[in-house]
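Novice: The sequence isn't on hand, but the structure is:
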Ligand SMILES: [Zn+2]
């Protein structure tokens, strides 16, 4: 199920990493995943019962070799 957060909420949420970068819904591999992905460090934060868990301890590291989000070449999906 896709994460559904108010746009205003998503705007004020930030990754706890030093960059405090904004977060995106889903993961680069699965936009429907119940995660928020940091646009800087690539960590994924689980969303439980609609509540984003923005704890570094709870975050999953991005897979090795994952794009860092600076490239333009988004693969076409669907
Ligand atoms: Zn981050």
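Specialist: Yes, it's here. Remember, it's a predicted structure, so these values are computed and weren't measured experimentally.

Novice: Could you look up the SS state of residue 55?
Specialist: Of the three states, residue 55 takes coil according to DSSP: H, G, I helix; E, B strand; the rest coil.

Novice: Same question for residue 47.
Specialist: Taking three-state DSSP as the rule, one finds residue 47 in the strand state.

Novice: I figured it hits residue 35, correct?
Specialist: Yes. With contact defined as Cβ atoms under 8 Å, residue 47 reaches residue 35; the gap is 6.3 Å. All C-beta atoms are positioned from the backbone trio N, CA, C, and that covers glycine.

Novice: Could you pull out the residues contacting both of those two?
Specialist: With contacts taken as Cβ atoms under 8 Å, 6 or more residues apart in numbering, residue 47 and residue 35 have residue 3 as neighbours in common.

Novice: So which bits of the protein are right by the ion?
Specialist: 15, 17, 21, 38, 40-41 (Cβ under 5 Å from the ion).

Novice: just for this protein, where's the confidence low?
Specialist: Within the chain, the stretches with pLDDT under 70 are 1, 65-78.

Novice: What is the nearest of the residues of the chain next to the ion to residue 54?
Specialist: Proximity to residue 54 was ranked across the residues of the chain next to the ion by Cβ to Cβ; first place goes to residue 15, at 7.1 Å.

Novice: which residues sit in contact with the closest one?
Specialist: 21-23, 38-41, 43, 45, 54.
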